[in-house]
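**Student:** Provided below are the primary sequence and the corresponding predicted coordinates.
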Amino acid sequence: MVITDTTRALDDCRSRVSLEPVGEIDAGTVATLGDLLHDALLSGAHEIDLDLRRVSFMDTAAVEVLQMARETLESVGGHLCIRNATASVRRLLSLTAFTPGRPAAHG
């Protein structure tokens, strides 16, 4: 998996990070995504845009990492925005209740 990471300031007190992973995000590659999300959060990002148009596969390990990032961002008034997910990735997100504006189901 390759991830393009672009950071830009929105204003004096908030920042946005845009990430564009490429390839498959599964148990073997999710650590890379987790590290970048963690670094973005530590840098003070309040908004993370995750463009998934070039992700061909994602498993539940990725959903768990996304949920942790979402919860952390929401706790500081920020948000995680998932954009351009492929049909298979949208299906996984839907099955795990990880849809825009809705928290993931806990069980």
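**Tutor:** Nice, I can see it.

**Student:** Every contact and neighbour count from this point should use C-alpha atoms.
**Tutor:** Fine.

**Student:** Check which helix or strand I82 maps to.
**Tutor:** strand 79-83 (DSSP states H and E).

**Student:** Of all the residues in that strand, which ones are buried?
**Tutor:** 79-80, 82 (16 or more other Cα atoms under 10 Å).

**Student:** by contact count, what packs against that strand?
**Tutor:** strand 47-51, helix 60-75 (3 or more Cα pairs under 8 Å, 6 or more residues apart in numbering; DSSP states H and E).

**Student:** Render the CA-only coordinates of the last one in PDB, please.
**Tutor:** Right, helix 60-75. What follows is helix 60-75, C-alpha atoms only, in PDB (Å, rounded to 0.1, in the frame of the first residue of the first chain):
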ATOM      1  CA  THR A  60     -12.200  -5.000   9.200                       C
ATOM      2  CA  ALA A  61      -8.800  -4.200  10.600                       C
ATOM      3  CA  ALA A  62      -9.000  -1.000   8.600                       C
ATOM      4  CA  VAL A  63     -12.500  -0.200   9.800                       C
ATOM      5  CA  GLU A  64     -11.200  -0.500  13.400                       C
ATOM      6  CA  VAL A  65      -8.400   2.000  12.800                       C
ATOM      7  CA  LEU A  66     -10.900   4.400  11.100                       C
ATOM      8  CA  GLN A  67     -13.300   4.100  14.000                       C
ATOM      9  CA  MET A  68     -10.500   4.900  16.500                       C
ATOM     10  CA  ALA A  69      -9.500   8.000  14.400                       C
ATOM     11  CA  ARG A  70     -13.100   9.100  14.100                       C
ATOM     12  CA  GLU A  71     -13.800   8.800  17.900                       C
ATOM     13  CA  THR A  72     -10.600  10.700  18.700                       C
ATOM     14  CA  LEU A  73     -11.400  13.500  16.200                       C
ATOM     15  CA  GLU A  74     -15.000  13.800  17.400                       C
ATOM     16  CA  SER A  75     -13.800  14.100  21.000                       C
END
